[in-house]
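Chemist: sequence and predicted structure are below.
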Amino acid sequence: MKDRIKEVTNQIAEKMGIIVEEIIINNNVNMIKIIADKKEGIKLDDLAIFSHTLSDDEKFDNIIGNKYRFEVTSPGLDSKMTKPYQFIRNIGRSVNIFFDGRNKNSSIKGKIIEADNEKILIESKNKKKKDTVEINYNRIKYGKLKLKW
């Protein structure tokens, strides 16, 4: 079922410039959660239009029927970043990056100062000293924004 939902939602999403990040099916409460994004960041209107388009789609309706409810949502500020476009749109923001280091897992905190489709450049402060570290995406497990509350 999940593969069929993914296929239909991706077909609709691609036409709208939307990326389906994840589909979560909770059979205990008959709920399907679709996490959607855009390279430039998704807006509430985008989510609403995508949700309405899905609910009007016959193929989607045939899959979920009356048994399941669904919601379309954005990834949220505390979600893991794993794709280049997520790092690119957060240039200038503070992050914590978890990556494969030499013979062990490593992490670095700092500000994204550059990002492209291959790598990111992080400016970190260690003991009053600024370092610039380049990390290729193939080494990155995930990144998380450091939220200032």
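Modeler: Cool, got the structure.
Chemist: let me see the mean pLDDT of the longest helix seen in the chain.
Modeler: Scanning the chain for the helix with the most residues, using DSSP state H, yields helix 2-16. Per-residue pLDDT values across helix 2-16 average out to 94.
Chemist: which residues are in contact with that helix?
Modeler: With CB atoms under 8 Å, 6 or more residues apart in numbering as the test, helix 2-16 has contacts from 19-20, 23, 25, 32, 34, 36, 46, 49-50, 53-54, 57, 59-60, 63-64. Just so you know, the C-beta spots here come from the backbone N, C-alpha and C atoms, and that holds for glycine as well.
Chemist: got it, and stretch 80-92?
Modeler: 37, 39-41, 95, 111-118, 120, 137, 140-145.
Chemist: give me the buried subset of these.
Modeler: Those of those that meet the buried threshold are D37, V95, K111, I112, A115, I120, Y137, I140, G143, K144, L145, by 16 or more other CB atoms under 10 Å.
Chemist: state the pair within these that is farthest apart.
Modeler: Maximum pairwise distance among the buried ones among the contacts of stretch 80-92 (CB to CB): 22.0 Å, between D37 and K111.
Chemist: which of the residues in stretch 58-67 are buried?
Modeler: By 16+ other CB under 10 Å, the buried positions in stretch 58-67 come out as F60, I63, I64.
Chemist: got the buried ones among the contacts of stretch 80-92 as CSV, with pLDDT and secondary structure columns?
Modeler: Below are the buried ones among the contacts of stretch 80-92 laid out as CSV (pLDDT from 0 to 100; DSSP: H, G, I helix; E, B strand; the rest coil):
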residue, pLDDT, secondary structure
D37, 95, strand
V95, 94, strand
K111, 94, strand
I112, 95, strand
A115, 95, strand
I120, 96, strand
Y137, 94, helix
I140, 93, strand
G143, 94, strand
K144, 93, strand
L145, 92, strand
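Chemist: related to what we said a few turns ago, among the contacts of helix 2-16, name the ones in strands.
Modeler: In strands, judged by DSSP state E, the following of those are found: I19, V20, I23, I25, I32, I34, A36.
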